[in-house]
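Enquirer: got a predicted structure plus its sequence, pasted below:
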Amino acid sequence: MTRSNISDEAPDEVRKRGLKRMSEVYGWEMSDGPGDYFAHTADQVFGNVWAREGLSDRDRRLLLLGALAASNNIDVAEIQAGAALGNGELTPEQLEEISLFLCYYIGWPQGTKMHFMFGEVIKKHRKQK
């Protein structure tokens, strides 16, 4: 499903694909939402980017976690880490390894924030099981 231009698709088909991918990526049922921001998120980010071939969801998640950590978006990284655990893309041990690895590339203080946040996500995940 690699596409560079999908303008020939009906908008409702792109939206359907986007909502389906959002549900798969986050692990909960996503319904349609109002406004341009939601439209761009569903249609472009999930209907197009997350729907492309070439990278697995795990690959995309790893890249996203690194980018979020580097930009100090720990709160958004928390959502991604929880979804990665819930979808079986990453294990608790892998999240801990990621935080240690990131310490060396984004700085010890920032990596430490990720480490403690991952610990909370892991604790919550284990409690839910």
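Expert: That came in fine, so what should we check first? Numbers count the residues shown, from 1 in each chain.
Enquirer: just the helices in this structure please.
Expert: For the chain, helices defined by DSSP state H occupy the ranges 11-26, 35-39, 57-70, 74-86, 92-106, 108-128.
Enquirer: tell me which of the ones you listed sits nearest to residue 46.
Expert: helix 11-26 (4.2 Å; CB to CB). For glycine as for every other residue, the C-beta is placed from the backbone atoms N, C-alpha and C.
Enquirer: quick check: residue 29 touching residue 22?
Expert: No. Between residue 29 and residue 22 there is no contact under CB atoms under 8 Å: 9.3 Å.
Enquirer: ok, the two, which is more surrounded?
Expert: Using other CB atoms under 10 Å, the more surrounded residue of residue 29 and residue 22 is residue 22, with 20 against 8.
Enquirer: how far away is the closest residue to the more buried one other than its chain neighbours from residue 127?
Expert: For residue 22, ignoring the flanking residues on the chain, the nearest one in space by CB to CB, 6 or more residues apart in numbering is residue 30 at 4.0 Å. The gap separating residue 30 from residue 127 is 24 Å, by CB to CB, to the nearest Å.
Enquirer: these two: which is more packed in?
Expert: Taking neighbours as other CB under 10 Å, residue 30 and residue 127 compare with residue 30 leading, 18 against 7.
Enquirer: residue contacts, residue 103?
Expert: With contacts defined as CB atoms under 8 Å, 6 or more residues apart in numbering, the neighbours of residue 103 are 110, 111, 112, 115.
Enquirer: burial count for the first one?
Expert: By the criterion of other CB under 10 Å, residue 110 has 18 neighbours.
Enquirer: doesn't residue 73 make contact with it?
Expert: No. Using CB under 8 Å as the test, residue 110 is too far from residue 73 to be in contact (10.6 Å).
Enquirer: okay, residue 10: pLDDT?
Expert: For residue 10, the pLDDT comes out at 87.
Enquirer: any regions of this protein where pLDDT drops low?
Expert: Segments of the chain classed as low confidence (criterion: pLDDT under 70) are 1-7.
Enquirer: domains for it, by residue range?
Expert: Each domain of the chain is listed here as a residue range: 11-51, 57-128, per the TED database.
Enquirer: now the longest one, how far from the centre of its chain.
Expert: Taking the mean of its C-alpha atoms, domain 57-128 sits 10 Å from the chain's own mean (CA atoms, centre = their mean, to the nearest Å).
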